[in-house]
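> Provide a 3D model corresponding to the input given below.
(one chain, ligands or ions: 1)
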Amino acid sequence: MSKIDGKILVLDDDQGVLYTAKMILKQHFETVVTEKDPLKLDFLLNQEKYDVIVLDMNFSYGLTSGKEGIKLLRKVLAKDPDAHVLMNTAYGDIDIAVEAMKEGAVDFLVKPWQKEKLLATVTAIYELSKTKKQLENLKASQKIVVRDQHKAYEEIVSVSPAMKPVFEAIKKVAATDANVLILGENGTGKELVARAIHNSSPRVDENFIKVDLGAVTESLFQSELFGHVKGAFTDAHENRPGRFEMANHGTLFLDEIGNLSLAMQAKLLTTLQFKQVTRVGSNKAIPLDTRLICATNMPLYEMASEKEFRQDLLYRINTVEIKLPPLRERIEDIEPLARHFLKIYGKKYKKEKMRLNETTINKLKAYSWPGNVRELQHAIERAIIMSNSPLLAPEDFLLVERPNQNVIATDTFNMEEMEKQAIQNAIRNADGNLTQAAKALGVGRSTLYRKMEKYKL
Ligand SMILES: Nc1ncnc2c1ncn2[C@@H]1O[C@H](COP(=O)(O)OP(=O)(O)OP(=O)(O)O)[C@@H](O)[C@H]1O
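Below is the predicted model:
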């Protein structure tokens with residue numbers, strides 16, 4: 001059997017206890033250090049960071065008051081407030097043990113202990129310390145992301161009236177714990193909005209955990225979201241918290257919620273109803289305080305009426321709904337977004353002098369952007385990489401209109417829509433050159449300008 005890569009320190013004045021503890025623990029843990037002399041504690045703590053410290057309450061010269069143990073416990077915790085200390089008492093004095101726990105010990109054992117009891121307790125404390133470490137690492141990395149995302153929130157680039165309700169909703173909902181459902185086509189910025197809500201909420205210092213439900217298989221759903229205990233299934237080699245638990249006190253962002261099967265929807269609903277999770281293989285429920293933000297590009301309401309999405313789950317997740325308009329409905333945002341990405345990628349590819357002229361901007365505005373902001377972002381990145389000149393020309397953008405991709409149908413009989421589409425096509429065919437586009441349309445430049453303004457092109 002392979003050993004656990006853990007470091008255990010046992011401090012006790014009884015040589016027999018030390019010997020037995022070493023015999024038992026050494027079979028399971030890589031490093032077991034035993035020490036009889038409490039005066040060596042400082043030295044030992046300076047040498048190594050132990051996962052679990054087993055500490056005697058009563059050294060022979062300290063009688064049975066437990067004071068010596070408490071003093072040593074304080075010393076350990078002063079050095080490392082996160083140390084996991086298991087107190088060992090020969091007298092079963094619950095009062096002293098309780099005092100030690102109040103001082104920060106994790107648990108206590110009454111001597112003489114059974115082999116199994118010592119091993120089980122030390123292993124449980126070791127697992128606890130590891131899970132805490134995992135969560136701390138995650139929090140630390142999340143804090144960096146949070147800091148970066150703070151920047152990103154400032155940089156939700158938009159000047160269009162169509163996005164105003166979105167900003168207002170972010171502001172209003174951020175202060176609350178309400179569940180939020182973000183709807184919008186791919187690449188419209190749903191994740192950016194979810195992060196903005198978290199970053200401007202009181203939960204900002206806690207985790208923002210994202211789960212892409214489109215990528216989670218039915219078999220992994222439960223352990224991914226709810227976690228598992230060691231041995232719950234063949235590959236469960238250790239205890240692992242699920243995403244819900246990691247997001248406790250923070251925000252859980254469930255992307256692509258429309259992709260959940262009905263069976264997974266039922267499991268998610270139960271968790272939301274009872275506000276608690278139980279790790280797979282455990283029977284201990286963990287209470288949850290998680291703000292939930294869901295997002296999808298699928299028509300959830302239609303799916304609910306077709307019984308493909310549970311109505312009761314929909315009502316749980318859509319306390320507040322935010323609809324992100326597609327980029328083609330906020331043409332005013334195209335230029336500032338293009339300039340924003342020009343700056344980012346200009347810097348990234350060391351081409352800071354790159355510029356966009358009016359003809360190119362017009363071409364970008366005339367395109368329908370079925371992939372929304374993400375497509376624009378990639379188009380700018382590609383153009384910067386490929387262009388040899390500091391001025392990005394219309395030819396640097398290979399924008400091919402694809403049929404049936406969120407664009408207005410060509411068989412529309414709405415006069416205004418037809419006119420708007422004819423103008424968009426003409427500008428696109430003329431590669432953004434408005435004089436040529438006006439000529440092709442059989443109108444003067446000023447008429448074209450007026451119409452472009454009317455249709456916000
Ligand atoms: N208003 C905006 N300002 C700046 N960047 C934006 C804006 N909207 C989207 N982006 C950028 O576009 C890309 C796509 O955005 P995001 O991932 O948030 O979209 P999404 O709607 O969640 O996409 P999907 O549905 O595919 O998951 C990201 O790189 C994001 O930073």
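
> tally of neighbours for the closest residue in space to Arg355 that isn't next to it in sequence?
Nearest non-adjacent residue to Arg355, counting by Cβ to Cβ, 6 or more residues apart in numbering: Leu391, 5.2 Å away. (Glycine included, C-beta is placed from N, CA and C.) Close neighbours of Leu391, defined as other Cβ atoms under 10 Å, add up to 13.

> for Leu391, what are phi and psi?
The phi/psi pair for Leu391 (degrees, to the nearest 10) reads phi -110, psi 120.

> got the contact list for it?
Met354, Arg355, Leu356, Asn357 (Cβ atoms under 8 Å, 6 or more residues apart in numbering).

> what score does the residue of the stretch 51-200 of the chain found nearest the ligand have for pLDDT?
Nearest residue of the stretch 51-200 of the chain to the ligand: Gly189, at 2.8 Å (Cβ to the nearest ligand atom). At Gly189, the pLDDT value in this model is 96.

> tell me how far the residue nearest the centre of the chain lies from the ligand.
Closest residue to the average C-alpha location of the chain: Ile209 at 2.3 Å, with Cα atoms, centre = their mean. Counting by Cβ to the nearest ligand atom, to the nearest Å, the separation of Ile209 from the ligand is 15 Å.

> so who does that residue touch?
By Cβ under 8 Å, 6+ apart, the residues touching Ile209 are Gln142, Arg243, Met246, Ala247, Gly250, Thr251, Leu252, Phe253.

> quick one on the thing from earlier: would you mind measuring from the residue nearest to Arg355 to His84?
Counting by Cβ to Cβ, to the nearest Å, the gap from Leu391 to His84 is 62 Å.

> and for Leu18?
Counting by Cβ to Cβ, the gap from Leu18 to His84 is 19 Å.

> now, which of the contacts of Ile209 sits nearest Lys26?
Closest approach to Lys26 among the contacts of Ile209 (Cβ to Cβ): Met246, at 33.3 Å.

> and the helices in the stretch 151-300 of the chain, which stretches?
Counting by DSSP state H, counting those that start in this stretch, one finds helices in the stretch 151-300 of the chain at the ranges 164-174, 190-199, 218-226, 243-246, 262-274, 300-305.

> for the residue nearest to Gly432 when sequence neighbours are not counted, give me its contacts.
With sequence-adjacent residues excluded and distances taken as Cβ to Cβ, 6+ apart, Gly432 is closest to Lys363, at 3.3 Å. By Cβ under 8 Å, 6+ apart, Lys363 lies in contact with Pro394, Phe397, Leu399, Ile427, Arg428, Asp431, Gly432.

> how about the helix or strand encompassing Lys363: buried residues?
Per DSSP states H and E, Lys363 falls inside helix 358-366. Within helix 358-366, the residues scored as buried using 16 or more other Cβ atoms under 10 Å are Thr359, Thr360, Ile361, Asn362, Lys363, Leu364, Lys365, Ala366.

> which of those residues come close to the ligand?
Among the buried residues of helix 358-366, proximity to the ligand is found for none (Cβ under 6 Å from any ligand atom).

> out of those, who's nearest the ligand?
Leu364 (14.8 Å).

> wait, what's in contact with that closest one?
Applying Cβ under 8 Å, 6+ apart to Leu364 gives the contacts Ile334, Glu335, Ala338, Leu356, Leu376, Ala379, Phe397, Leu399, Gly432.

> touching, Leu262 and Leu313? I think so.
No - at 9.7 Å, Leu262 does not count as touching Leu313 under the criterion of Cβ atoms under 8 Å.

> more crowded one of the two?
Leu313 (21 against 11).

> which helix or strand contains that one?
Using DSSP H and E, the element containing Leu313 is helix 311-317.

> ditto for Ile8
Using DSSP H and E, Ile8 sits in strand 4-11.

> who does that strand pair with, and is each partner parallel or antiparallel?
Strand 4-11 has these partner strands in its sheet, going by DSSP bridges: strand 29-35 (parallel), strand 52-56 (parallel).

> run the chain-centre distance for the shortest one.
Spelled out, it's strand 52-56. Here strand 52-56 is found 36 Å from its chain centre; the criterion is Cα atoms, centre = their mean, to the nearest Å.

> now that strand: mean pLDDT?
Averaging pLDDT along strand 52-56 yields 93.

> got the buried residues for it?
Within strand 52-56, the residues that count as buried by 16+ other Cβ under 10 Å are Val52, Ile53, Val54, Leu55, Asp56.

> what's the answer for the first one, then?
The neighbour-count check on strand 29-35 (16+ other Cβ under 10 Å) flags Phe29, Thr31, Val32, Val33, Thr34, Glu35 as buried.

> now the element after it, going C-ward?
helix 41-47.

> for that next one, packing partners?
Helix 41-47 sits against strand 4-11, strand 29-35, helix 67-79, with contacts defined as 3 or more Cβ pairs under 8 Å, 6 or more residues apart in numbering; DSSP states H and E.

> contacts for stretch 76-84?
Contacts of stretch 76-84 with the rest of the structure, by Cβ under 8 Å, 6+ apart, involve 41, 45, 49-53, 55, 85, 103-104, 106, 125-126, 128-129, 132.

> just the buried members of the residues you listed?
Buried subset of the contacts of stretch 76-84 (neighbour count, 16+ other Cβ under 10 Å): 41, 45, 50-53, 55, 85, 106, 125-126, 128-129.

> which one of the helices and strands packed on helix 41-47 lies nearest to Gly258?
Ranking these by proximity to Gly258 (Cβ to Cβ) places strand 4-11 first, at 41.9 Å.

> point me to the residue of the stretch 351-457 of the chain nearest the ligand.
In the stretch 351-457 of the chain, no residue comes nearer to the ligand than Val373, which is 3.6 Å away by Cβ to the nearest ligand atom.

> which residues touch that residue?
Val373 makes contact with Gly187, Thr188, Gly189, Leu327, Leu337 under the criterion Cβ under 8 Å, 6+ apart.

> same deal with Glu127?
Residues near Glu127 by Cβ under 8 Å, 6+ apart: Lys230, Glu238, Asn239.

> compute the distance between it and Leu25, please.
Distance of Glu127 to Leu25, given as Cβ to Cβ: 14 Å.

> could you do Phe397 as well?
Taking Cβ to Cβ, one finds Phe397 at 66 Å from Leu25.

> which one of the two has more residues nearby?
More crowded of Phe397 and Leu25, by other Cβ under 10 Å: Leu25, with 24 against 21.

> report pLDDT for Val17.
At Val17, the model reports a pLDDT of 89.

> go on, Gly92?
Looking at Gly92, its pLDDT stands at 58.

> and what of Asp95?
pLDDT recorded at Asp95 is 76.

> list the buried ones in whichever helix or strand it is part of?
Here Asp95 is covered by helix 94-103, with elements defined by DSSP H and E. Within helix 94-103, the residues that qualify as buried by neighbour count (16+ other Cβ under 10 Å) are Ile96, Ala97, Glu99, Ala100.

> quick one: contacts for the closest residue to Gln222 other than its chain neighbours?
Once flanking residues are discounted, Gln222 sits nearest to Val280: 5.4 Å by Cβ to Cβ, 6+ apart. Contact analysis of Val280 by Cβ under 8 Å, 6+ apart lists Gln222, Ser223, Phe226, Gly227, His228, Val229, Ala232, Phe233, Ala236.
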